[in-house]
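Visitor: Sequence unavailable; structure follows:
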């Protein structure tokens, strides 16, 4: 009885999912207000900047707007601007190792005071995230999307996870009907190149040459725009900063509990950087092969797109907890399949575990030495492959815009 309660999870219906999500949104809102009011000025109760990583974006905008874009990649000058924003030195350097293409994106941020800029950044990217997800789920089912803990983590960090969802999600959803347009958001995703490693492989394997061409032109235009705005010396400064970025990452500068990659898993348990890269390569190869197999084995848009997104986290060693908001896409697509065709055994529990994972992974790794993110991401990819192998997904090429209906509780 207890096993079937977990295996089938019939108790987790649409009404409960929405109700639990509304409660989570309210709790997140209260925690945010208490946290902000408990701080001092632009510093939170820990003494670090409100918005976390956003201070790095705003400082980069300030430097670039004052005519010193190459200084963005100078740790000393960049950190000095961060200190001037917050007015306290009780925090470490929030680095900026994005390519100059992303510097073009954040360039307008310093036109507004820090707090207003942070609020606008979060509001605009959250609205884009919600509008995109609304193309997949119904209005009522949008609550679990907004309550996804990774979305809250991304907002608390002032990070760009919502932007990544918008670009990758829109690129995939345009792929079948508008292949030329699909290449534009895919090309813009080059601001975070390590999240686009699997996309060219999938496009090549399925012969999507129009999308490949548009994406390549978009990448080139994006790079030329940043070259025009900031000069070639900024690109050189970025390239020169890459060894420092790699060194800080390999040393776990931000804490391995925030990194959901295989590299972090191996390093957490005492493995050397060489062993971690080796394990990452093995898993990345297996994940890439699985994703490509799914793309060849099924015509289901949801399964192919879900496999690509989930596989991305197994291919790249460099990802953080706020990036996990990208998993909102496969969670929504897989829920759509389950509602339409019926859930397989254990599938509901897996989706719920992945939904909760960003909230729990840090504490589990820090206090119990139990990795949570990596096993669940692997299991999610296996579940997608199982769906593809069973050929339970309908053979249609336009389901990318279908909506998830939330059934009434029965």
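Guide: Alright, I've got the coordinates. All values reported here derive from a predicted model rather than from experimental measurement.

Visitor: Show me where the stretch 251-400 of the chain has its helices.
Guide: Per DSSP state H, counting those that start in this stretch, the stretch 251-400 of the chain carries helices over the ranges 262-268, 273-297, 301-315, 328-341, 347-367, 373-390.

Visitor: Then the stretch 51-200 of the chain?
Guide: Counting by DSSP H, counting those that start in this stretch, residue ranges of the helices within the stretch 51-200 of the chain are 54-65, 75-86, 100-106, 114-134, 142-147, 149-157, 161-174, 179-188, 198-205.

Visitor: Buried residues, the fourth one. List them.
Guide: Spelled out, that is helix 114-134. 114, 117-118, 121-122, 125, 128-129, 132-133 (16 or more other Cβ atoms under 10 Å). (Glycine included, C-beta is placed from N, CA and C.)

Visitor: next one: the last one
Guide: Buried residues in helix 198-205, counting neighbours by 16+ other Cβ under 10 Å, are found at 198-199, 201-203.

Visitor: Per-residue pLDDT of the spatially closest residue to residue 359 that is not a sequence neighbour, please?
Guide: Using Cβ to Cβ, 6 or more residues apart in numbering and skipping the chain neighbours, the partner closest in space to residue 359 is residue 149 (3.7 Å). The model reports residue 149 with a pLDDT of 96.

Visitor: Residue 149: neighbour count?
Guide: As a burial measure, residue 149 scores 19 neighbours (other Cβ atoms under 10 Å).

Visitor: show me the contacts for it.
Guide: Counting by Cβ atoms under 8 Å, 6 or more residues apart in numbering, residue 149 touches 24, 355-359.

Visitor: Most widely separated two among those residues?
Guide: Farthest-apart pair in those is 24 and 357; separation 14.1 Å (Cβ to Cβ).

Visitor: just to revisit the earlier point, for PyMOL, write the select line for the buried members of the contacts of residue 149.
Guide: The buried residues among the contacts of residue 149 can be selected in PyMOL (16+ other Cβ under 10 Å) with this line:
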select buried, resi 24+355+357+358+359
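
Visitor: Among the contacts of residue 149, pick out the one closest to residue 226, please.
Guide: residue 358 (30.9 Å).

Visitor: separation between the closest residue to that closest one other than its chain neighbours and residue 166?
Guide: Nearest residue to residue 358, sequence neighbours excluded (Cβ to Cβ, 6+ apart): residue 150, at 3.9 Å. Counting by Cβ to Cβ, to the nearest Å, the separation of residue 150 from residue 166 is 15 Å.

Visitor: neighbour count winner among these two?
Guide: The residue with more neighbours, out of residue 150 and residue 166, is residue 150; 25 against 21, by other Cβ under 10 Å.

Visitor: what's that one in contact with, if anything?
Guide: Here residue 150 is in contact with 161, 321-328, 358 (Cβ under 8 Å, 6+ apart).

Visitor: try 10 Å
Guide: The contact partners of residue 150, taken as Cβ atoms under 10 Å, 6 or more residues apart in numbering, are 161, 165, 260, 321-328, 331, 354-355, 357-359, 361.

Visitor: swap in residue 318?
Guide: With contact set as Cβ under 10 Å, 6+ apart, residue 318 has these partners: 97, 192-195, 245-246, 249, 259, 261, 263-264, 280.

Visitor: Output the residues you listed as a markdown table; include the columns neighbour count and distance to residue 273.
Guide: Formatted as a markdown table, the contacts of residue 318 follow (neighbours: other Cβ atoms under 10 Å; distance: Cβ to Cβ, whole Å):
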| residue | neighbour count | distance to residue 273 |
| --- | --- | --- |
| 97 | 17 | 18 |
| 192 | 22 | 22 |
| 193 | 14 | 21 |
| 194 | 12 | 17 |
| 195 | 22 | 21 |
| 245 | 17 | 14 |
| 246 | 13 | 9 |
| 249 | 19 | 9 |
| 259 | 25 | 13 |
| 261 | 26 | 13 |
| 263 | 27 | 8 |
| 264 | 26 | 11 |
| 280 | 21 | 10 |
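
Visitor: Reformat those as CSV; add pLDDT and distance to residue 302.
Guide: Output for the contacts of residue 318, formatted as CSV (pLDDT from 0 to 100; distance: Cβ to Cβ, whole Å):
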residue, pLDDT, distance to residue 302
97, 94, 33
192, 95, 23
193, 93, 26
194, 92, 24
195, 94, 20
245, 93, 35
246, 93, 36
249, 92, 33
259, 94, 28
261, 95, 25
263, 95, 29
264, 94, 29
280, 96, 27
